[in-house]
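>>> compute the structure for the input listed below.
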Amino acid sequence: MNTSLATGLCVLIIMVASIYFQIESIIEFSLPMLFGVITGCYSSICVSGNLWAYWEKRKEK
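Sure, this is the predicted structure:
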């Protein structure tokens, strides 16, 4: 969680700076990168926890 937050913040700062200085190539790179960090963090929090609980419940049987 902390790693995703730090990476997302850095990518967001780079994206804002590239918009301010109008650097199109970095905007085109940083927007998908930010989206990837957000979806990866979502996957880690919402999907993995439920999957782990399912595996633990199944292991008890």
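>>> every contact and neighbour count from this point should use C-alpha atoms.
OK.
>>> could you measure from the spatially most central residue of the chain over to residue 23?
Residue closest to the mean C-alpha point of the chain, counted by Cα atoms, centre = their mean, is residue 37 at 1.8 Å. Separation of residue 37 from residue 23 (Cα to Cα, to the nearest Å) stands at 21 Å.
>>> then residue 51?
From residue 51 across to residue 23, the span is 41 Å (Cα to Cα).
>>> in the regular element (helix or strand) spanning residue 35, what counts as buried?
Per DSSP states H and E, residue 35 falls inside helix 24-42. Residues 27, 30, 33-34, 37-38, 41 are the ones in helix 24-42 that count as buried (16 or more other Cα atoms under 10 Å).
>>> what's the closest of these to residue 2?
Minimum distance to residue 2 across the buried residues of helix 24-42 is 9.8 Å, recorded for residue 41 (Cα to Cα).
>>> I'd say the closest one and residue 4 touch.
Yes: using Cα atoms under 8 Å, residue 41 is in contact with residue 4, at 6.2 Å.
>>> what's around residue 48, how many residues?
Residues within reach of residue 48, counting by other Cα atoms under 10 Å, total 12.
>>> tell me which element it falls in.
Counting by DSSP H and E, residue 48 is found in helix 48-60.
>>> any idea how far that helix is from the middle of the chain?
In terms of Cα atoms, centre = their mean, to the nearest Å, the centre of helix 48-60 is found 23 Å from the chain centre.
>>> same thing with stretch 43-52?
Put simply, stretch 43-52 sits 14 Å off its chain's centre (Cα atoms, centre = their mean).
>>> the chain should start at 14 in everything you say after this.
OK, 14 is where the count begins now, so the last one is stretch 56-65.
>>> if you count neighbours, what's buried in that stretch?
So stretch 56-65, judged by 16+ other Cα under 10 Å, has zero buried residues.
>>> what's the first-to-last distance across that stretch?
12 Å.
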